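Engineer: Structure of the sequence below:
(one chain, ligands or ions: 1)
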Amino acid sequence: MLNETHDPSLTSWVTSANEDGTDFPIQNLPFAVFRMAGSDEYYRGGVAIGDQVLDLAAVASIGLFKGLAQDALNACTHEELNEFMAMGKEAWSALRLALSRSLRSGAVEEPVLESCLVSQSDVEFKLPCLIHDYTDFYASVYHAQAVGALFRPDNPLLPNYKWVPVGYHGRASSIGVSGQMFPRPQGQIKSPDDDTPGFGPCRRLDYEVEVGIYIGPGNQLGQPISIDESEDHIFGLSLLNDWSARDIQAWEYQPLGPFLAKSFASTVSPWIVTAEALLPFRERFTRPAGDPEPLAYLSSKYNSEAGAFNMTLDCFVRTSGSHEDNKVSSSNFKYAYWTAAQMITHHTVNGCNLQPGDLLGSGTQSGPEPEEAGSLLELTKGGKEPVKLSNGEERCFLEDGDSVIMRGFCQKEGARRIGFGEVVSTVLPTGSFNPHNGSIH
Ligand code: MN
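Structural biologist: Below you'll find the model as predicted:
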């Protein structure tokens, strides 16, 4: 299944792509939508290579590629990548191969393509596609157990957990790209000691370290995606911070699940790393001995052999008083109790249709160890034990001016390390957003 684009010995004539530790070697080639920062240019697709962005609209206008690769390239010239995502894996793969060959050391295309590069430090991003719908899953059993114990000490893991990939329908309108700033949400809050709720700014603002799964072609209403087909519908993965207001959540979540505690903001990284780039990092998907096997519709040979992704997820908090990124946790998507393919199949098994560019959240990706907890709620045992930051400050939950940064990468012997870049977003004081002109003051 691996092909020449995965060859770890490949190098690029874009020399920054050959540096150790770069997120964007020639084996990665992730997609984003960008323009020159501060300009009024139109947004268009781009591919990361080293510290540069290859401007796909500029490449398309040259007409360098042939056939399906050029068709796919033409679909990346718009300000949304939905059309490209809808084309499916043959088209994605044809473009990846053409880009890989023309960006390689010694490629004859170098003089032409060099004029299509811009520095990543000079661009700004928008969401990579129109996200019609956003669904958030709950795929880490370690997170489910830890949070369940805080909300329901006597009954942490509900009886459906090991049978159903649980999810809820999130809010697409408030998803922003890295750099998102939002005011601290307000809402109804009821402390355990109070008889009635009050109203005010959230006091238990939290992040969730998640993986975003972007849907490719999707399905027609009434035609489920089988587990054998589901991999073909994974366009790629990104980093996702699913912001959460824990005090609002605790009061509102029963019986219908999260609502205003989640819908005020969610932030994604600009780059989507494609499923094909992630192939070297697929791993066996297993369940602990004694746990039920997934029902037949959620089980396949490929899903068992390679359903998981070995993707490291690091999280940092930067306070307004310093510029230091204080690492608070490190986890891995491979710990997920449900795979991306199972989420897709389960989502559609009732006939529900997924559309190109839809976003699935993996749920908070906590690992088995305490330092692998993907939220402050877990790291602080429900706000009882503050996290000590390396700059000397402490946090139970986030304060105004705090930024949360997530970074991800895949690393394995015999493969070139690839990264996801980062997602950073900042909480502002309640009321700091002016709804009349959209500006932040
Ligand atoms: Mn979540």
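Engineer: mean confidence for the helix ranked longest in the chain?
Structural biologist: The longest helix of the chain (DSSP state H) is helix 89-103. When pLDDT is averaged over helix 89-103, the result is 98.
Engineer: What residues sit buried inside the helix or strand of the chain with the lowest mean pLDDT?
Structural biologist: Across the helices and strands of the chain, mean confidence by mean pLDDT, DSSP states H and E is lowest for helix 141-151: a mean of 91. Across helix 141-151, burial judged by 16 or more other Cβ atoms under 10 Å covers 141-144, 146-150. In this view, the C-beta of every residue, glycine as well, is placed from N, C-alpha and C.
Engineer: Just the closest of those residues to the ion, please.
Structural biologist: residue 143 (8.8 Å; Cβ to the ion).
Engineer: my read: that closest one touches residue 363, true?
Structural biologist: Yes. Here residue 143 lies in contact with residue 363, judged by Cβ atoms under 8 Å, at a distance of 6.4 Å.
Engineer: Grab the nearest non-local neighbour of the residue in the stretch 51-200 of the chain that the ion sits nearest to.
Structural biologist: In the stretch 51-200 of the chain, the residue found nearest to the ion is residue 136; the distance is 4.5 Å by Cβ to the ion. Of all residues not flanking residue 136 in the chain, residue 361 sits nearest, at 3.8 Å (Cβ to Cβ, 6 or more residues apart in numbering).
Engineer: Can you report how many residues lie near that neighbour?
Structural biologist: 28 (other Cβ atoms under 10 Å).
Engineer: do the same with residue 320
Structural biologist: Using other Cβ under 10 Å, residue 320 has 12 other residues around it.
Engineer: Contact partners for it?
Structural biologist: 399-402 (Cβ atoms under 8 Å, 6 or more residues apart in numbering).
Engineer: Now the buried members of those.
Structural biologist: 399, 402.
Engineer: wait, doesn't residue 303 sit right on residue 340?
Structural biologist: No. In this structure residue 303 lies outside contact range of residue 340 using Cβ under 8 Å: 9.6 Å.
Engineer: near the ion, which residues of this structure show up?
Structural biologist: For the chain, the contact set with the ion under Cβ under 5 Å from the ion comprises 136, 208, 242.
Engineer: Would you tell me what helix or strand the first one is located in?
Structural biologist: Using DSSP states H and E, the element containing residue 136 is strand 134-137.
Engineer: and that strand, what's its mean pLDDT?
Structural biologist: Throughout strand 134-137, pLDDT has a mean value of 98.
Engineer: what's in contact with that strand?
Structural biologist: 165-172, 175, 210, 242, 258, 262, 266, 338, 343, 347, 358-363.
Engineer: just stretch 218-230 next, same as before
Structural biologist: Stretch 218-230 is contacted from outside by 86, 233, 297-300, 302-303, 340-342, 344-345, 348-356, 358, using Cβ under 8 Å, 6+ apart.
Engineer: now those residues: which count as buried?
Structural biologist: Restricting these to buried positions leaves 86, 233, 298, 300, 302-303, 340-342, 344-345, 348, 352-356, 358, with burial counted as 16+ other Cβ under 10 Å.
Engineer: Would you mind measuring from the residue of the stretch 51-200 of the chain closest to the ion to residue 240?
Structural biologist: Distance check for residue 136 against residue 240: by Cβ to Cβ, to the nearest Å, it reads 9 Å.
Engineer: shared neighbours of the two, which are they?
Structural biologist: Counting by Cβ under 8 Å, 6+ apart, the contacts common to residue 136 and residue 240 are 210, 361.
Engineer: ok, and the closest non-adjacent residue to the residue of the stretch 151-300 of the chain found nearest the ion?
Structural biologist: The ion sits closest to residue 242 of the stretch 151-300 of the chain, with a gap of 3.5 Å, by Cβ to the ion. Nearest non-adjacent residue to residue 242, counting by Cβ to Cβ, 6+ apart: residue 208, 4.1 Å away.
Engineer: what about the one you found, how many neighbours?
Structural biologist: Using other Cβ under 10 Å, residue 208 is surrounded by 28 other residues.
Engineer: ditto for residue 249
Structural biologist: By other Cβ under 10 Å, neighbour count at residue 249 equals 23.
Engineer: Quick one: mean pLDDT over whichever strand or helix holds it.
Structural biologist: According to DSSP H and E, residue 249 maps onto helix 246-252. Helix 246-252 shows a mean pLDDT of 96 in the predicted model.
Engineer: Which single strand of this protein contains the most residues?
Structural biologist: If each strand of the chain is counted by residues according to DSSP state E, the longest one is strand 418-428.
Engineer: strand partners of it, parallel vs antiparallel please.
Structural biologist: According to DSSP bridges, strand 418-428 forms sheet pairs with strand 181-183 (parallel), strand 403-410 (antiparallel).
Engineer: Adding distance to residue 198 and mean pLDDT as columns, could you present those strands in a markdown table?
Structural biologist: As requested, the strands paired with strand 418-428 are exported to a markdown table (distance: least, Cβ to Cβ, whole Å; pLDDT from 0 to 100):
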| stretch | distance to residue 198 | mean pLDDT |
| --- | --- | --- |
| strand 181-183 | 19 | 96 |
| strand 403-410 | 26 | 98 |
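Engineer: Would you tell me which one of these is buried the most?
Structural biologist: Across those, averaging neighbours per residue (mean count of other Cβ atoms under 10 Å) puts strand 403-410 on top, at a mean of 23.
Engineer: CA atoms of that one as CSV?
Structural biologist: The C-alpha trace of strand 403-410 is given here as CSV (Å, rounded to 0.1, in the frame of the first residue of the first chain):
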residue,chain,number,x,y,z
SER,A,403,-3.6,30.6,24.8
VAL,A,404,-3.8,26.9,24.2
ILE,A,405,-1.4,25.4,21.7
MET,A,406,-1.6,21.9,20.3
ARG,A,407,1.0,20.2,18.1
GLY,A,408,1.0,16.8,16.6
PHE,A,409,3.3,14.5,14.7
CYS,A,410,3.9,10.9,13.5
